[in-house]
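Trainee: Okay, sequence plus prediction incoming.
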Amino acid sequence: MTHPLEFKKRIIIALDVETKDQGLALVRELADAQVFKVGLELFTAEGPPLLKEIQALGKSVFLDLKLHDIPNTVGEAARIGVRHGAFMMTIHASGGREMMAKAAEVARAEAEKRGTLKPLLLGVTVLTSLTGEELSAIGMVPDTAAQVLRLAALAKKAGLDGVVCSAQEIEIVRKEVGPGFLIVTPGIRPAWSAAQDQKRIMTPAEAIRKGSDYLVIGRPITQAASPREAFLKIVEELDAGKAPNGKNGA
């Protein structure tokens, strides 16, 4: 199926910074980007008011808190996410089907009540920092691909909108869940950027070719000498034909 969004709207900027001022400075500098990820570090430091300030600049917020708790608690957190106007939210798929289904049910009801759009709820499969050896150490089968597939299928059955998975698993996930189910890919590193702490990584062009709907990119852009130039360089590489626009692997 043809993906309707321009490449620049499919790149999610990870605001992995410590303060509101740092985050908002990046949002202002990256005027060409649309979606900004607020994760645990920044949300813990600044709280919900930051989300409103980002939205006031005309941008969308990906609230990446990786919720994982009992179903009622996660459901209420999803309700609050709707009230905050989040564009996307993450939930750990390993929390189980009931927990994910509760979040989807509550978010849908709250959005209907308020007459607003429901956030896209994404199930986090296996963190890109984890290897098979590390999965084994926490009691899971040391087969990353198998675990990702299991959790992606569970997320779809629970009524979520998509999953977060490594680019290495895009093709097998798409085959498992079919078209219309979002794949959001962290661990994206341009060829000219260092891998840093993520092990299962891929370049933006490769990830798009394989079927990513959204690419999460942080430090290669935010820690560049010129974040705006780094962002535009990635967009230009994609637009130049190194990844066929519109292909989402479905």
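Mentor: Cool, the structure landed.
Trainee: in which helix or strand would I find the most centrally placed residue in the chain?
Mentor: Centroid-nearest residue in the chain, with C-alpha atoms, centre = their mean: V184, separated by 4.8 Å. For V184, the element it lies in under DSSP states H and E is strand 182-185.
Trainee: Show me what secondary structure element comes after that strand.
Mentor: Following strand 182-185 in sequence order, the next helix or strand is helix 204-210 (DSSP H and E).
Trainee: by contact count, what packs against that next one?
Mentor: helix 170-177, strand 214-217, helix 227-237 (3 or more C-beta pairs under 8 Å, 6 or more residues apart in numbering; DSSP states H and E). For the C-beta atoms, the positions are set from N, CA and C on the backbone; glycine is no exception.
Trainee: Next, work out how far apart the closest residue to E176 other than its chain neighbours and V126 are.
Mentor: The shortest distance from E176 to any residue that is not its chain neighbour, by C-beta to C-beta, 6 or more residues apart in numbering, is 5.2 Å, and that residue is L149. Here L149 is placed at a distance of 10 Å from V126 (C-beta to C-beta, to the nearest Å).
Trainee: more crowded one of these two?
Mentor: Between L149 and V126, counted using other C-beta atoms under 10 Å, V126 has the larger neighbour count: 26 against 19.
Trainee: Distance of that one relative to V82?
Mentor: 27 Å.
Trainee: Next: L151.
Mentor: Counting by C-beta to C-beta - L151 and V82 are separated by 24 Å.
Trainee: do L182 as well
Mentor: The gap separating L182 from V82 is 18 Å, by C-beta to C-beta.
Trainee: Thank you, goodbye.
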